[in-house]
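In: Show me the folded form of this:
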Amino acid sequence: MDKRQHASVLLSWYDEHARVLPWRVGPKSGRDVRADPYHVWLSEIMLQQTVVKTVIPYFETFLARWPTVFELAACDQEDVLKRWAGLGYYARARNLHACAKVVVSRHDGVFPSDEQQLLALPGIGPYTQSAIRAIAFGKRAGVVDGNVERVIARLYALKKPVREIKSQIQDKAFALTPASRPGDYAQAMMDLGATICTPKRPACARCPLQENCLALKGDCAAALPVRAAKKPKPVRTGTAFLVLREDGCVLLRQRLDKGLLAKMLEVPSRGWIEGQKNARNESAPVQAQWQQVPGFITHTFTHFHLQLDVQCAHVSADHPVLAAADRARCRWVPRHELGEQALPGVMRKILSHGFGEPL
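Out: You can find the predicted model right below:
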């Protein structure tokens, strides 16, 4: 099967089996119908490190609240963080808002189709720019996400660790990409990897490319692609301080502008240090009678596992926050409004553990 036949077979399969996704324009056999660049960009940022099933409701919420890039650029960043809460990798949300502002201020609200102009936008890297160019603008680009990476590695039976052959995979992906319908082709490769050429137990018997797959012929599809062994993640520990005021409010604090979970709201905590015992109550944000909530919570970040115990205290309505620096970043939030706040997943776990019920 030559490259032209490869694309034709895959696109025919896609026309019949394409996933229905809210950011996607349905495939049209023989011609390329392009999606809205704003929708493509928004979905691609959300899909970084996140599965489709999780992204769909967030995408729909964002699009309902900010139908165009103009509305998104004009809103407050904290509102974006609130709507993003629970999706993780929060730098994406800050870059999303910053990118919207740049698109409006420098490009009059129109996403550029030029590779270098796209790469100059906040939060857009090589993969995202190629996806936008192919899907939204019909440009021939090598779009390689994790699914496509796996398909290419199996098609060519590439047996070296992926991190050593990324450029080779990129080159082969681009070489296979047709000039006609490159956006549909890119999404077809993604769908093939997500639904048939899956990481475990690939459904080779149903694959439209089975006749041309060297891994299938070599009976090694399930073993590819080769991934380097992961180093064990370190464990960090700390203490979270859940302060409940007599009027039903909970003390929250905004994290610093840089670093992990930057600018997000948190339950005040101390520690998060590898190999060190949990912080003592002298590090608490208020002076009070603290009681430890039985058990602890665990949460996994990209580079480490976190284990936190939770200390709880009840205070009066006029109880002061101890540190002046903390006071400037702290706020009292009614308990019934906690679900609306820009709280990352780990903080929601802390609150659910402290209250003994889901947030």
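In: looking at the protein, which helix or strand does the model trust least?
Out: Lowest by mean pLDDT, DSSP states H and E among the helices and strands of the chain is helix 324-329, with a mean of 71.
In: Let me see the residues that make contact with the longest helix along the chain.
Out: Longest helix in the chain by number of residues (criterion: DSSP state H): helix 91-107. Residues outside helix 91-107 that contact it (C-beta atoms under 8 Å, 6 or more residues apart in numbering): 41-42, 45-46, 48, 69-70, 72-75, 77, 80-81, 84, 87, 109-111, 117, 121-124, 262-263. In this view, the C-beta of every residue, glycine as well, is placed from N, C-alpha and C.
In: Nearest residue to Ala157 in space, please, no chain neighbours.
Out: Nearest residue to Ala157, sequence neighbours excluded (C-beta to C-beta, 6 or more residues apart in numbering): Leu214, at 3.8 Å.
In: any idea how far stretch 203-221 is from the chain center?
Out: 30 Å (C-alpha atoms, centre = their mean, to the nearest Å).
In: how about it: buried residues?
Out: Residues Cys204, Cys207, Pro208, Leu209, Asn212, Cys213, Ala215, Leu216, Ala221 are the ones in stretch 203-221 that count as buried (16 or more other C-beta atoms under 10 Å).
In: now, among those, which is nearest to Ala35?
Out: Of all the buried residues of stretch 203-221, Ala35 sits closest to Pro208, with 22.9 Å by C-beta to C-beta.
In: Per-residue pLDDT of the closest one, please?
Out: Here, the pLDDT recorded for Pro208 equals 97.
In: Please, a ChimeraX command that selects the buried ones among the contacts of helix 91-107?
Out: Applying 16+ other C-beta under 10 Å to those, the buried members can be selected in ChimeraX as follows:
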select :41,42,45,46,48,69,72,73,80,81,84,87,111,121,123,124,263
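In: what sits against Leu158?
Out: Leu158 neighbours (C-beta under 8 Å, 6+ apart): Ile152, Ile165, Gln168, Ile169, Leu224, Pro225, Val226.
In: Now do the SS call for the fourth one.
Out: Secondary structure of Ile169, reduced to three states by DSSP: H, G, I helix; E, B strand; the rest coil: helix.
In: Surely it touches Glu149?
Out: Yes - shown here, Ile169 and Glu149 form a contact pair, counting by C-beta atoms under 8 Å, at 5.7 Å.
In: Now for these two: what residues contact both?
Out: Val162.
In: List only buried entries from the contacts of Leu158.
Out: Ile152, Ile165, Ile169, Leu224, Pro225.
In: Tell me the buried residues in stretch 332-339?
Out: So, applying 16+ other C-beta under 10 Å, buried residues of stretch 332-339: Val333, Leu338.
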